[in-house]
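1. Structure for this input, please:
(2 chains)
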Protein chains: 2
Amino acid sequence: MTQKILEVVQTTILKEKPDPSTLEFGKHFSDHMFMMDYTSEEGWHQPRVVPYQSLTLEPAAMVFHYGQTVFEGLKAYRSSNGDIRLFRPEENFKRLNQSCDRLSIPKVNEEAMLEYLKEFVKLDKDWIPKEKGMSLYIRPFIISTEATLDVSPSRAYTLMIILSPVGSFYKGGIDPVSIFVENEYTRAAPGGTGNAKTAGNYSGAYKAQERASSHKKDQVLWLDGVEKKYVEEVGSMNVFFKINDEIHTPALNGSILEGITRKSVIELLESEGMSVCERSISIDEVIAANENGSLQEMFGTGTAAVISPVGRLEYKGRDYEINNGKMGETASWLHETLVGIQTGALDDPFGWSIEVNG
Amino acid sequence: MTQKILEVVQTTILKEKPDPSTLEFGKHFSDHMFMMDYTSEEGWHQPRVVPYQSLTLEPAAMVFHYGQTVFEGLKAYRSSNGDIRLFRPEENFKRLNQSCDRLSIPKVNEEAMLEYLKEFVKLDKDWIPKEKGMSLYIRPFIISTEATLDVSPSRAYTLMIILSPVGSFYKGGIDPVSIFVENEYTRAAPGGTGNAKTAGNYSGAYKAQERASSHKKDQVLWLDGVEKKYVEEVGSMNVFFKINDEIHTPALNGSILEGITRKSVIELLESEGMSVCERSISIDEVIAANENGSLQEMFGTGTAAVISPVGRLEYKGRDYEINNGKMGETASWLHETLVGIQTGALDDPFGWSIEVNG
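-> Presented below is the predicted three-dimensional model:
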């Protein structure tokens, strides 16, 4: 069982904080890191916060060979009155455990992890940028560490959390993205690891991203791995469509990541009396809806961008403009509302935004 | 371009070698390791052999988060006259580069790598067991090392080769394996990473192996990711069937690993005037052929076991015995011939077995 006592070893030399105006995503890390180890004898043990430091691993550590790893991503926000806020962090630890299950990694105590995270974020609270649109990106992850080339689940793991201050995803306003509909490479198939946040899903997608970039498109639109017919995700975001004033999104089918922003968007829309239809959506239907004018909006949802409108789409050699390349009113409203709740600027009737007492 | 000069830093303290009679696979490593680094500025550079040692990596190293990694597996054998032999090593470096391409990792110079490997194996030649059936397992692998959470190909990598003495795969004779036909979990789908040797493919398979074990079966028989109808691989081996005196194996379709033992088996059979039919083979056909008596043999092929006969198969709740649970004559002949060529005991008309001058 996970212990509830958190050991803290504070750094003696504080790092210089990066200039907020030139921040790059995921390049700078705070003064400390959280660590916790697993062995088959002791289970998860010794939760601790230590100075941010390098890891020492044997070349035979299983993570390098068989890729047993899971991760999460969430953010800490600084509200205008100085409060520290986390957005639905309990959902991240719930999903971490779902990913652990798929990758045969022992589960963690979700409640204890949330308490550890709060303590850790409080310690490094000066790393949460105060500037509008900025936040502290939180990356929990687990790696297998046993040193053996035997192909079987590791008997040792380390869980870490590292913190990285991140700038506004949208510098100078929200610019709709262009996407390339990929119909050769596959992100995930039924029975695979598509609904787990595990390392291999991401590097396996680079070839498709390279092709999208070579077509001067920002991101990949992924189709299903079986028929290459149904829309699954956009880049590493979930995807929504507004067609004839109704909101549609691909149903969770086992190969789509269960996004927390996705879930929040659905709950938010439903709280306003708008229903969201979760179903299979073919790329042909999307193209046809755009051609006949019934496709009003298309947008991605994820932790990094929150809401990312799609303005242009390439499919089978043809370019299509969506909503005149502009962000639609539903996407705008969702973005303002979610960011408002995340940063404490708007009321939060859902109890999603958790205050961490600094 | 890869340099051709290999720097060697010899260890000052030689490790004690493990007892050959109690060797476990992949747990012991030789005195040295090979390393080579890549940066976008310098390309692959500084090939070197150093004492086997731990790695130091930042927690943000991309390998932990996005899984950009590839590996290979081959063996060095000691012939009865003391020669050191490698089996088709150039095929491993060729496949390493194919895997690199799929994972967006910069390719290596295959010829230079082969020369480095020979030098390295010569240095640690005392780690090649002399006992019959034993060998030195060679594990080349590449990991992404850049410290950033940005989801894009790393700009820094390290290639390593580690060496591990391994015991006979078959202690006390070849015992046919039992397999569980998995029809829920997916190993790979068209357009995915199934034909690359990358870490994520292996940990994604653990859940299915757990299920096979719970059904008291040794390994998983993987079906295709689209229809769950066609046979793809067994465990982490390719698979062959002898039906009505003809040999059949699933055709390489992009989701099946291009095994070097598979290729050798096909070439060996063809050199004896037996044709091998590479095609789609449904599990229903296999079951029917077993029921009507035309399925004479089924066996897996891979570096670890060379040839692994299948004696029992579970599909949809029913158990089937294959060839009375015994190893067939083709499997036996292939095993003897391949092991004979690998160890230098038999003539090698193909030039597959490369002698490394100790």
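2. which residues of the stretch 251-358 of chain A fall in helices?
-> A:260-271, A:283-291, A:329-343 (DSSP state H, counting those that start in this stretch).
3. In the longest one, which residues are buried?
-> Taking 16 or more other C-beta atoms under 10 Å in any protein chain shown as the neighbour-count basis, helix A:329-343 is seen to contain the buried residues A:Thr330, A:Ala331, A:Ser332, A:Leu334, A:His335, A:Thr337, A:Leu338, A:Val339, A:Ile341, A:Gln342, A:Thr343. Every residue, glycine included, has its C-beta placed from N, CA and C.
4. Make TSV out of the helices of the stretch 251-358 of chain A and add mean pLDDT.
-> As requested, the helices of the stretch 251-358 of chain A are arranged in TSV below (pLDDT from 0 to 100):
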stretch	mean pLDDT
helix A:260-271	98
helix A:283-291	98
helix A:329-343	97
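5. Who are the contact partners of the residue in chain A that chain B sits nearest to?
-> Here chain A gets closest to chain B at one residue, A:Gly200, 1.9 Å apart by C-beta to the nearest C-beta. A:Gly200 makes contact with A:Gly67, A:Thr193, B:Gly67, B:Thr193, B:Thr198, B:Ala199, B:Gly200, B:Asn201, B:Ser203, B:Gly204, according to C-beta atoms under 8 Å, 6 or more residues apart in numbering or on different chains.
6. Count residues in the vicinity of A:Arg85, would you?
-> 23 (other C-beta atoms under 10 Å in any protein chain shown).
7. nope, A:Lys217 is what I meant
-> Counted with other C-beta under 10 Å, the neighbours of A:Lys217 add up to 21.
8. Could you check how far it is from A:Thr186?
-> Distance of A:Lys217 to A:Thr186, given as C-beta to C-beta, to the nearest Å: 18 Å.
9. Could you export the helices of the stretch 251-358 of chain A as TSV, including distance to chain B?
-> Shown next, in TSV, are the helices of the stretch 251-358 of chain A (distance: least, C-beta to the nearest C-beta, whole Å):
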stretch	distance to chain B
helix A:260-271	16
helix A:283-291	15
helix A:329-343	19
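10. what's the closest of those to B:Leu269?
-> With C-beta to C-beta as the criterion, B:Leu269 lies closest to helix A:283-291 of the helices of the stretch 251-358 of chain A, at 43.9 Å.
11. now for that closest one, which elements pack on it?
-> Where contact means 3 or more C-beta pairs under 8 Å, 6 or more residues apart in numbering or on different chains; DSSP states H and E, helix A:283-291 is packed against strand A:238-243, strand A:295-302, strand A:306-315, strand A:318-321.
12. list the buried ones in that helix?
-> A:Ile283, A:Glu285, A:Val286, A:Ile287, A:Ala289, A:Asn290.
13. And for stretch A:174-191?
-> A:174, A:176-183, A:185-191.
14. and A:Leu23, how many residues sit next to it?
-> 19.
15. A:Phe169 too?
-> A:Phe169, neighbours per other C-beta under 10 Å, totals 17.
16. residues touching it, list them.
-> A:Phe169 touches A:Gly133, A:Ala304, A:Ala305, A:Val306, A:Ser308, counting by C-beta under 8 Å, 6+ apart.
17. which among those residues end up buried?
-> A:Ala304, A:Ala305, A:Val306, A:Ser308.
18. from those residues, which is closest to B:Leu23?
-> Of the buried ones among the contacts of A:Phe169, the one sitting nearest to B:Leu23 (C-beta to C-beta) turns out to be A:Ala304, at 47.5 Å.
19. For that closest one, which non-adjacent residue is closest in space?
-> A:Phe169 (5.7 Å; C-beta to C-beta, 6 or more residues apart in numbering or on different chains).
20. now the one you found, what's its secondary structure?
-> coil (DSSP: H, G, I helix; E, B strand; the rest coil).
21. give me the low-pLDDT residue ranges for the stretch 151-300 of chain A?
-> A:171-172 (pLDDT under 70).
22. Near chain B, which residues of it? Just list them.
-> A:151-153, A:160, A:162, A:164, A:184-186, A:188-193, A:198-204, A:206-207, A:209-210, A:225-226, A:228, A:236 (C-beta under 8 Å from any C-beta of the partner chain).
23. returning to what we had before: tell me which helix or strand the residue of chain A closest to chain B sits in.
-> helix A:199-203 (DSSP states H and E).
24. Next secondary structure after that helix?
-> Immediately after helix A:199-203, counting by DSSP H and E, sits helix A:206-214.
25. Next, the angle from that next one to strand A:306-315.
-> Helix A:206-214 runs at 80 degrees relative to strand A:306-315, counting by axes from the mean of the first three to the mean of the last three C-alpha atoms, to 10 degrees.
26. Report the angle between whichever helix or strand comes after helix A:206-214 and strand A:238-243.
-> Once the chain leaves helix A:206-214, the next helix or strand it forms, by DSSP H and E, is strand A:219-223. Computed with the same axes, to 10 degrees, the direction of strand A:219-223 lies at 80 degrees from that of strand A:238-243.
27. rewinding a little: from the buried residues of stretch A:174-191, which single one is nearest A:Asp245?
-> Closest to A:Asp245, out of all of these and judged by C-beta to C-beta, is A:Pro176, at 19.8 Å.
28. Surely the closest one touches A:Leu313?
-> No: the criterion here is C-beta atoms under 8 Å, and A:Pro176 misses it with A:Leu313 at 10.5 Å.
29. Could you tell me which residues touch both of the two?
-> In contact with both A:Pro176 and A:Leu313: A:Ile322, using C-beta under 8 Å, 6+ apart.
30. So which other helices or strands are in contact with the helix or strand A:Ile161 falls within?
-> Element membership for A:Ile161 (DSSP H and E) is strand A:156-166. Contacts defined by 3+ C-beta pairs under 8 Å, 6+ apart place strand A:156-166 against strand A:32-39, helix A:110-123, strand A:135-144.
31. how about 7 Å then?
-> With contacts taken as 3 or more C-beta pairs under 7 Å, 6 or more residues apart in numbering or on different chains; DSSP states H and E, strand A:156-166 sits against strand A:32-39, strand A:135-144.
32. so what strands line up beside the helix or strand following that strand?
-> Moving toward the C-terminus from strand A:156-166, the next helix or strand (DSSP H and E) is strand A:177-182. The pairing partners recorded for strand A:177-182 under DSSP bridges are strand A:219-223 (parallel), strand A:306-315 (parallel).
33. how is chain A carved up into domains?
-> Structural domains of chain A, as assigned by automatic domain parsing, span the residue ranges A:7-11+A:19-166, A:177-343.
34. Measure how far the shortest one is from the centre of its chain, please.
-> In other words, domain A:7-11+A:19-166. 13 Å (C-alpha atoms, centre = their mean, to the nearest Å).
35. Quick one: end-to-end distance for it.
-> Criterion C-alpha to C-alpha, to the nearest Å; first-to-last residue distance in domain A:7-11+A:19-166 is 27 Å.
36. Stretch A:75-87 too?
-> First-to-last residue span, stretch A:75-87, C-alpha to C-alpha: 7 Å.
37. What are the buried residues along that stretch?
-> Those would be A:Lys75, A:Ala76, A:Tyr77, A:Arg78, A:Ile84, A:Arg85, A:Leu86, A:Phe87, for stretch A:75-87 by 16+ other C-beta under 10 Å.
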